[in-house]
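Asker: what shape does this take:
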Amino acid sequence: MIEREVIRAGLEEIFSSSFHIDLPTSDTDMIDNGILDSFQFVDLVFQIEQRFGVQIEIDEIDLDDFRTLACIERFVSRRVQSARKRRPVAPSPSFPPAANRVLDSLKRG
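Answerer: Purely as a prediction, here's the structure:
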């Protein structure tokens with residue numbers, strides 16, 4: 001599915017440019033293995049919001065959604081789909097390129 005590939009590319013960019021780490025395998029528990037500390041976790045949530053144009057409320061955060069890359073991809077995919085249903089989606093010049101690719105793929109899908 002194109003959307004997952006775009007989400008993975010966006011996450012890879014976040015991990016490499018912001019956290020300076022290679023993207024872990026899909027099933028690596030990043031919390032238990034200490035790959036993400038509490039500051040990076042907060043930054044990850046913020047960057048997901050910015051990059052993919054979604055809103056994540058504090059009471060909606062479940063650590064299990066952020067344990068592995070596969071979990072994060074599913075979480076972001078659900079949030080993007082939910083945001084798409086709530087409001088019309090149009091690429092914004094302020095969105096990072098990865099977010100625009102997600103939005104474009106949703107329009108085609």
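Asker: quick one: mean pLDDT for stretch 26-35?
Answerer: Stretch 26-35 carries an average pLDDT of 92.
Asker: do the same with stretch 81-89
Answerer: On average, stretch 81-89 scores 70.
Asker: may I ask which helix or strand of the protein has the lowest mean pLDDT?
Answerer: Between all helices and strands in the chain, the lowest mean by mean pLDDT, DSSP states H and E belongs to helix 97-108, at a mean of 60.
Asker: and A83, how many neighbours?
Answerer: Using other C-beta atoms under 10 Å, the number of residues around A83 comes to 16. Where C-beta positions appear, they are placed from N, C-alpha and C, glycine not excepted.
Asker: all helices for the chain, in order.
Answerer: 2-17, 38-52, 69-86, 97-108 (DSSP state H).
Asker: of all those helices, which one is nearest D27?
Answerer: Nearest to D27, of all those, is helix 69-86, at 6.3 Å by C-beta to C-beta.
Asker: chain center to that closest one: distance?
Answerer: 8 Å (C-alpha atoms, centre = their mean, to the nearest Å).
Asker: buried stuff in it?
Answerer: Neighbour-count burial for helix 69-86, counted by 16 or more other C-beta atoms under 10 Å, picks out 69, 71-73, 75-77, 79-80, 83-84.
Asker: roughly how far apart are the residue nearest to S26 when sequence neighbours are not counted and D29?
Answerer: Nearest in space to S26, with sequence neighbours left out and distances taken as C-beta to C-beta, 6 or more residues apart in numbering, is A70 at 4.3 Å. Separation of A70 from D29 (C-beta to C-beta, to the nearest Å): 11 Å.
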